[in-house]
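[1] requesting a structural model of the entry that follows:
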Amino acid sequence: MNMNLKRQLPTPAEVKKMYPITKEMEEIKKERDIEIQKIFKGESNKFILIIGPCSADREDSVIDYIKRLRKVQDDKLIKEEIMIIPRIYTNKPRTTGEGYKGMLHQPNPLSDPDMLKGIIAIRKMHMRALLETGFSCADEMLYPENHSFLSDLLSYVAVGARSVENQQHRLVASGVGIPVGMKNPTSGDLSVMLNAIKAAEKKHTFIYRGYETDTPGNEYAHAILRGYVNHHGESHPNYHYEDLILLKNMYDNDSFLNPAVIIDTNHSNSGKKYEEQIRISKEVLHSCSYNEGIYKLIKGLMIESYIEDGCQKAEENIYGKSITDPCLGWEKTEKLIYEIAEYRVQIKNKHEKK
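    Residues are numbered from 1 along each chain as shown. All right, here's what the predicted structure looks like:
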């Protein structure tokens, strides 16, 4: 093989021993896991917001952002209506293999890759979020074999559009014990996404990190609609009412444990026009208001948001501004969260009166 095996990295168990969570942190995560699971089972009608930077590029601004979310979450209205799950995305898929691959690869975006420092950096950042804000967060399961480094800290993982057809992702998703969102592939074929959900719901035996491994199945695997790209390379949305009805019918025509969908308001749904996320969020809520079946199916939104609007090159070094996809700035984000909560109250009251 033409590979340079540079060094043996510590195992997840060794890293967790070096950077352990406290009993209090463990209890906070457990309580949040239960609350989130109730939403996916339909036992709670809170609305999930998986919200945060496209990629977590530096610890200081990410924690600053999450502390702002904490203040919003503690507001009485938001606490009653919204379940915030901050995005701390430490792995970044790159379509061509070029560009910033996330903090796991480069804890300093302007320095060379260092996987050992990256493993430690992402664990410490997720630990800080849990310890200092009480938020157990979301990350992308880009590399299934790396999930164990953060498994005691995360309350949500997503499988991306380019990974959803991969067998290892589907098998590992069946054993992570937390909700896993399966994105539709970049082609837009919803059957691929639903097959991934079906696979994640089942028990499996496979090799994981050198062990023969059994998994019990994951009843919280669900869909994420993120738009798609046609054969001309053009972005097309799939959050419109007709798209939601189509997905609902596909769910209804098969047997799934907990049918659910999260709408990704960015990526191909917005054409990466980050301000469109505001309009898209409101259109999705309008569909929930119009149709009770959609209201029950849609469990939340995924929103890319940071401190500053837009994006930048890494070397520009503007605090709190994305170095990957453009994000909604904090002022717009805070306003949108409150608007979503207020609209949810109206929608809930409308359906409960029927």
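[2] can you give me the neighbour number for C327?
    30 (other C-beta atoms under 10 Å). Every C-beta, even on glycine, is put in place using the N, C-alpha and C of the backbone.
[3] which residues in the protein form strands?
    47-52, 82-86, 137-140, 154-159, 180-183, 204-208, 211-215, 221-225, 228-229, 235-236, 261-264, 298-304 (DSSP state E).
[4] remind me what the longest one packs against, helices and strands.
    Of the remaining helices and strands, those touching strand 298-304 by 3 or more C-beta pairs under 8 Å, 6 or more residues apart in numbering; DSSP states H and E are helix 23-41, strand 47-52, strand 261-264, helix 276-290, helix 330-352.
[5] nearest spatial neighbour of C54, skipping sequence neighbours?
    Excluding the flanking residues, the one nearest C54 by C-beta to C-beta, 6 or more residues apart in numbering is D325, at 4.0 Å.
[6] now do the nearest residue to N146 once chain neighbours are set aside against E315, distance only.
    In space, and not counting its chain neighbours, N146 is closest to L104: 7.0 Å by C-beta to C-beta, 6+ apart. Taking C-beta to C-beta, to the nearest Å as the measure, L104 falls 20 Å from E315.
[7] neighbour-wise, which of the two wins?
    With neighbours defined as other C-beta under 10 Å, L104 and E315 compare such that L104 has more, 25 against 8.
[8] the more buried one against Y89, yeah?
    No. Using C-beta atoms under 8 Å as the test, L104 is too far from Y89 to be in contact (9.9 Å).
[9] nearest to V172, out of the strands of the chain?
    strand 204-208 (6.7 Å; C-beta to C-beta).
[10] wait, isn't G102 in contact with C54?
    No. Applying C-beta under 8 Å, one finds G102 not in contact with C54, separated by 10.0 Å.
[11] who touches both of these two?
    89, 92 (C-beta atoms under 8 Å, 6 or more residues apart in numbering).
[12] quick revisit: now mean pLDDT and distance to Y290 too, for the strands of the chain, in CSV please.
    CSV is the format used below for these (pLDDT from 0 to 100; distance: least, C-beta to C-beta, whole Å):
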stretch, mean pLDDT, distance to Y290
strand 47-52, 98, 16
strand 82-86, 98, 21
strand 137-140, 98, 28
strand 154-159, 98, 27
strand 180-183, 98, 24
strand 204-208, 97, 39
strand 211-215, 97, 38
strand 221-225, 98, 17
strand 228-229, 95, 24
strand 235-236, 94, 22
strand 261-264, 98, 15
strand 298-304, 98, 12
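[13] if we compare these, which one ends up closest to A13?
    strand 211-215 (11.7 Å).
[14] residues making contact with that closest one?
    In contact with strand 211-215 (C-beta under 8 Å, 6+ apart) are residues 171-172, 174-175, 203-207.
[15] just the buried subset of the residues you listed, written out for ChimeraX, thanks.
    Remark: buried members of these, expressed as a ChimeraX selection using 16 or more other C-beta atoms under 10 Å:
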select :171,172,174,175,204,206
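[16] in the contacts of strand 211-215, find the pair that's most separated.
    Most distant of those, by C-beta to C-beta, are K203 and I207, 15.5 Å apart.
[17] mind checking how far stretch 132-141 is from the chain centre?
    10 Å (C-alpha atoms, centre = their mean, to the nearest Å).
[18] and the end-to-end length of that stretch?
    Using C-alpha to C-alpha, to the nearest Å, one end of stretch 132-141 lies 24 Å from the other.
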